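Undergrad: Just need the structure, nothing else, for what follows:
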Amino acid sequence: MLIASAAHAQSSTAADLRALDFLLGTWNCAHTVGDFSGTYTTTFTKVLGDRWIRQTYDFPASASRAAVQGDFLIGYDGRNQRWLRTGAMSDGLYFTMVGKLSDNVWHYSYLLPGTAGSAVYTKKSNSEYTVEGPSYPENGQMVTEHHRCRKTEERS
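TA: Below you'll find the model as predicted:
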């Protein structure tokens, strides 16, 4: 029974992960957070036997902020029927999210470092997606992250 359950979870993972195939490649993104705005590059590749998608970030330095890199893994947990996204940034930020897919929208909630916050990833087309959220206090005011990404290079 345990072997059958593990086989089912693995086959669900491979099939459900295909929903993210449109992400494979390199993307240029613009973001705003409160009064701050900027651009960054993110790249998605399949890793670990094509059971996970690795997302790397490269935020360039600005006049007020140092350059930041990030490394995340995105996958699907077929046993619990939820998406997972976990990783860390070179500035020490880390987080883990779980989510559900409905049509072309992923609704993610944060698990670590705390359970507050959510973000919505929306596939606009095979070459554009947006991220709305999370919201959090910064410099005495509540801010919400807004990201718009456009694909620049395909990968398989």
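Undergrad: the strands in the chain, which residues?
TA: Assigned by DSSP state E, the strands in the chain fall at 25-33, 36-47, 52-59, 68-77, 82-89, 94-102, 105-112, 118-125, 128-138, 141-154.
Undergrad: Tell me which of these sits nearest to D16.
TA: For the strands of the chain, proximity to D16 was assessed by CB to CB; strand 68-77 is nearest, at 4.1 Å. The way it works is simple: take the backbone N, C-alpha and C, and place the C-beta from them, glycine included.
Undergrad: what pairs with the closest one, and is each one parallel or antiparallel?
TA: Strand 68-77 pairs in its sheet with strand 52-59 (antiparallel), strand 82-89 (antiparallel), by DSSP bridges.
Undergrad: Which positions within it qualify as buried?
TA: With burial defined by 16 or more other CB atoms under 10 Å, the residues of strand 68-77 counted as buried are V68, G70, F72, L73, I74, G75, Y76.
Undergrad: Please identify which of those is nearest to S102.
TA: Ranked by distance to S102 (CB to CB), these are led by Y76 at 14.1 Å.
Undergrad: Bridge partners for the closest one, pull those for me.
TA: Counting by DSSP bridges, Y76 is bridged to W83.
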